[in-house]
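**Student:** Starting from these lines, generate the structure:
(one chain, ligands or ions: 2)
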Amino acid sequence: MSTIQRTWKLNGKKVSVRGPAGRRLLDYLREDLDLIGAKEGCGEGECGACTVLIDNEPVASCIVPIGQLADGTEILTIEGVEKKRAGRLLQRAFLECGAVQCGFCIPGMIISAYALLMRNPRPTPRAIRAALAGNLCRCTGYAKIIQAVTLASSRLPVPTKRK
Ligand code: FES
Ligand code: FES
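**Tutor:** Ligands and ions are numbered 1, 2, ... in the order given. A predicted model of the protein is given here:
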């Protein structure tokens, strides 16, 4: 397998990346960089537990080989999102609404919700459901999660800029 050498912008900082082109981004983040917020659920791109933002789009990191990510790719993990204002608002709202039970799905949920709020700071419940459709939760029944995202959005100024 070929080895790649790249430079990405990860959580706002430049990182040099080297490794087998086929290595999963999820493994690289968790094992090499100790960014363990992204979880492995299905390992097949179905559950959303491993979601990260790649160039502002939520992506399942378990199915992305690092060789696919060009120089200059911007990656945001939950560790980066929780330093942003909207990320902190989401975390607080999830706790206030009781939207966290076992917590396994929550980093991925918050990443997808953050991406939504960055492009639509006042989403309808329907838009929230659609944005979180790729993130599965076995505990909460989703109602409190939708409520939490709505609460966080009500606390964001409009128009908003990526911060
Ligand atoms: S672990 Fe990646 S989508 Fe389920
Ligand atoms: S809170 Fe347990 S899977 Fe969502």
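
**Student:** In this structure Val100 contacts Phe94, no?
**Tutor:** Yes - at 5.3 Å, Val100 counts as touching Phe94 under the criterion of CB atoms under 8 Å. Every C-beta, even on glycine, is put in place using the N, C-alpha and C of the backbone.

**Student:** For those two, work out which one has more neighbours and name it.
**Tutor:** Phe94 (24 against 20; other CB atoms under 10 Å).

**Student:** quick revisit: where do the contact lists of Val100 and Phe94 overlap?
**Tutor:** By CB atoms under 8 Å, 6 or more residues apart in numbering, Val100 and Phe94 have these common neighbours: Ile106.

**Student:** can you count the residues close to Leu151?
**Tutor:** When neighbours are counted by other CB under 10 Å, Leu151 comes out with 17.

**Student:** residues touching it, list them.
**Tutor:** 93, 96-97 are the contacts of Leu151 under CB under 8 Å, 6+ apart.

**Student:** Switch those over to a markdown table; also include pLDDT.
**Tutor:** What follows is the contacts of Leu151, written out as a markdown table (pLDDT from 0 to 100):
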| residue | pLDDT |
| --- | --- |
| Ala93 | 98 |
| Glu96 | 98 |
| Cys97 | 98 |
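
**Student:** Pull out the buried residues from the residues you listed.
**Tutor:** 93, 97 (16 or more other CB atoms under 10 Å).
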